[in-house]
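Student: Model the following, please.
(one chain, ligands or ions: 3)
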Amino acid sequence: MATVEKQPAAVISPSAGPLLSVRDLKTYFRIEKALAKAVDGVSFDVMPDEVLGIVGESGSGKSVTSLSIMRLIPEPPGLIAGGQVLYQGRDLLKLSYPQMRKIRGAEIAMIFQEPMSALNPVFTVGFQLIETVRAHEKVSKQQAFDRAVAMLAQVGISDGAKRMRDYPHQFSGGMRQRVMIAMALCCNPNLLIADEPTTALDVTTQAQILELMLALKAQRPGAAIILITHDLAVVAETCQRVIVMYGGRVQEMATVKDLFAAPRHPYTQGLLRSLPAAQIGHERLHAIPGNVPSIMDLPPACKFCTRCEFVFDRCRVEEPPLHDLGGGHLVRCHLLEDEAKARVAGASEAPPQSGLAPPGVSSGSKPTGSSQAALAKPASHGEEAQGKALGGAARQDNGGLTPPARHEAARQKGEQP
Ligand SMILES: Nc1ncnc2c1ncn2[C@@H]1O[C@H](COP(=O)(O)OP(=O)(O)OP(=O)(O)O)[C@@H](O)[C@H]1O
Ligand code: SF4
Ligand SMILES: [Mg+2]
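Tutor: Ligands and ions are numbered 1, 2, ... in the order given. A predicted model of the protein is given here:
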């Protein structure tokens, strides 16, 4: 891997508040005369210097969220139906397309999930890199060429001056990924949105690319990264905070440390239990039952109710809000309602099993004792639970379920705990 050249500093002060604030973002697609809600009311902040992870199964709305931020949703069939995307206080959704083009690349850059969708197959890589630099900076062709070659060297393409003449198809998949990263970083963006930047790369290249992205970010004080990935180990190693998406909604948001130590949403718990390394010593592989529902057929209330092992009547008729558990930990699940209310009421510590029935729930709608217990905050696992790399996450093999809760759940199902 090439050494990283010194980059000019970004001019963002951490005290200036969030670099990016996404507020109640709604992105829909018109499909067969219906409106499919791919992203529905998503809100989050990205702070200066932060690496924010976004995880969730395929179709949960991760890419649509990032493409909406970049104003790259194809319209039609897409439509940004509401919300705000505040970048340093300016609502990107209100900018004209020429204004938005100035932001893209220079201020916010994106590494796309599909490298070929970002690279034009009929132009050389050099032409595309030079055009990207010159679109945002008043530099000569020679200066842009030199910058592009230097950038290629930084992403590990050492014979960059020669490779500038090549077309995208003349590069391997991993090389194309590197070219795309060079293109995304060559204007020194304040915010990099990396949508599965290492998908389909071998493990060594994956590590190199992530290392490079972090190294470049570290040289630009205030710069931030949104990292979209399926790989929870990468999140554990790379991010400070993480958002878990499902059904176009944020289901859980927490620091990486809290999420891996004590995942509270049944979906997040399922994701963590599905980690391959969490399965060592288990007879059966764990997988979240069922499939992600189509956005044409999302449940009207809790989006996860068709797959949740703790579902009860209320979940099918009323969507839970994001309950605030403190410390930036938000969870969209009815079972956390009492704990969040107790926190607001100033209870020093909310006993997770107190008041089993959420207020306003009829007896027939009560969650079972086992589901309440299962959502109980797991005891701290100290260093092990810090989510330091995969080991930390994977060794938390119960995905946040306390052993007594698992025994109780098994007992109720008539199984041997
Ligand atoms: N151009 C489009 N037209 C219609 N539906 C779309 C379009 N783009 C995305 N969608 C739908 O929006 C939903 C969210 O898609 P999105 O690409 O954000 O998922 P994702 O979380 O990024 O999944 P993956 O992990 O597979 O990349 C999906 O149901 C998808 O089919
Ligand atoms: S318990 Fe209910 S509200 Fe919570 S995730 Fe399961 S189905 Fe949704
Ligand atoms: Mg995607």
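
Student: quick one, strands of the stretch 151-300 of the chain?
Tutor: 191-195, 224-228, 241-246, 249-255 (DSSP state E, counting those that start in this stretch).

Student: check contacts around residue 113.
Tutor: The contact partners of residue 113, by C-beta atoms under 8 Å, 6 or more residues apart in numbering, come to 63, 195-196, 199, 228. All C-beta atoms are positioned from the backbone trio N, CA, C, and that covers glycine.

Student: for it, phi and psi?
Tutor: Main-chain dihedrals, residue 113, degrees, to the nearest 10: phi -60, psi -40.

Student: Look up how far ligand 2 lies from it.
Tutor: Distance from residue 113 to ligand 2, counting by C-beta to the nearest ligand atom, to the nearest Å: 27 Å.

Student: related to what we said a few turns ago, so which of the contacts of residue 113 is the most crowded?
Tutor: Taking other C-beta atoms under 10 Å to define a neighbour, the member of the contacts of residue 113 with the most is residue 228, carrying 25 neighbours.

Student: Return the member of the contacts of residue 113 nearest to residue 256.
Tutor: Taking C-beta to C-beta as the measure, residue 256 lies nearest residue 228 of the contacts of residue 113, at 14.8 Å.

Student: The closest one contacts residue 52, doesn't it?
Tutor: No. The pair residue 228 and residue 52 does not pass the contact test of C-beta atoms under 8 Å, sitting 9.6 Å apart.

Student: Show me what from the stretch 1-150 of the chain comes close to ligand 1.
Tutor: By C-beta under 6 Å from any ligand atom, the part of the stretch 1-150 of the chain that sits against ligand 1 consists of 29, 31, 38, 56, 58-64, 74, 77-78, 113.

Student: Which members of the residues you listed occur in helices, if any?
Tutor: Counted as lying in helices by DSSP state H, out of these, are 62-64.

Student: Name the residue of the stretch 301-417 of the chain that lies nearest to ligand 3.
Tutor: Nearest residue of the stretch 301-417 of the chain to ligand 3 (C-beta to the ion) works out as residue 303 at 17.2 Å.

Student: residues of stretch 70-90 that come out buried?
Tutor: Across stretch 70-90, burial judged by 16 or more other C-beta atoms under 10 Å covers 70-71, 73, 78-80, 83-88.

Student: got it, and stretch 21-30?
Tutor: Burial within stretch 21-30, assessed by neighbour count using 16+ other C-beta under 10 Å, is assigned to 21-23, 25-29.

Student: Quick one: residues in contact with the helix or strand where residue 143 lies.
Tutor: Take DSSP states H and E as the rule and residue 143 turns out to sit in helix 141-154. Residues outside helix 141-154 that contact it (C-beta under 8 Å, 6+ apart) are 2-5, 126, 129-130, 133-134, 137, 139, 160-161, 163-164, 178-179, 182, 185-186, 212, 216.

Student: Now, of those, which are buried?
Tutor: The neighbour-count criterion (16+ other C-beta under 10 Å) marks 2, 4, 126, 129-130, 133-134, 160, 163-164, 178-179, 182, 185-186, 212, 216 among those as buried.

Student: pLDDT weak spots in the chain?
Tutor: For the chain, applying pLDDT under 70 flags the ranges 1-16, 200-201, 276-285, 347-417.

Student: which residue is nearest the centroid of it?
Tutor: For the chain, the residue sitting closest to the mean C-alpha position, by C-alpha atoms, centre = their mean, is residue 54 at 0.7 Å.

Student: Pairing partners for that one in the sheet, please.
Tutor: Taking DSSP bridges as the rule, residue 54 bridges to residue 228, residue 243.

Student: and it, what does it touch?
Tutor: With the criterion set at C-beta under 8 Å, 6+ apart, residue 54 makes contact with 62, 65-66, 226-229, 242-243, 245.

Student: now residue 93
Tutor: Taking C-beta under 8 Å, 6+ apart as the definition of contact, the neighbours of residue 93 are 71, 80, 83-85.

Student: Identify, from the ones in helices among the residues of the stretch 1-150 of the chain next to ligand 1, the entry nearest to residue 173.
Tutor: Proximity of those to residue 173, judged by C-beta to C-beta, is greatest for residue 63, which lies at 18.5 Å.

Student: Might one say that the closest one is in contact with residue 228?
Tutor: Yes. Counting by C-beta under 8 Å, residue 63 touches residue 228, with 7.0 Å between them.

Student: okay, and the common contacts of those two?
Tutor: Contact criterion C-beta under 8 Å, 6+ apart; residues shared by residue 63 and residue 228: 113, 195.

Student: I'd like the strands of the stretch 151-300 of the chain as CSV, with distance to residue 345 appended.
Tutor: Below are those laid out as CSV (distance: least, C-beta to C-beta, whole Å):
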stretch, distance to residue 345
strand 191-195, 38
strand 224-228, 34
strand 241-246, 26
strand 249-255, 22
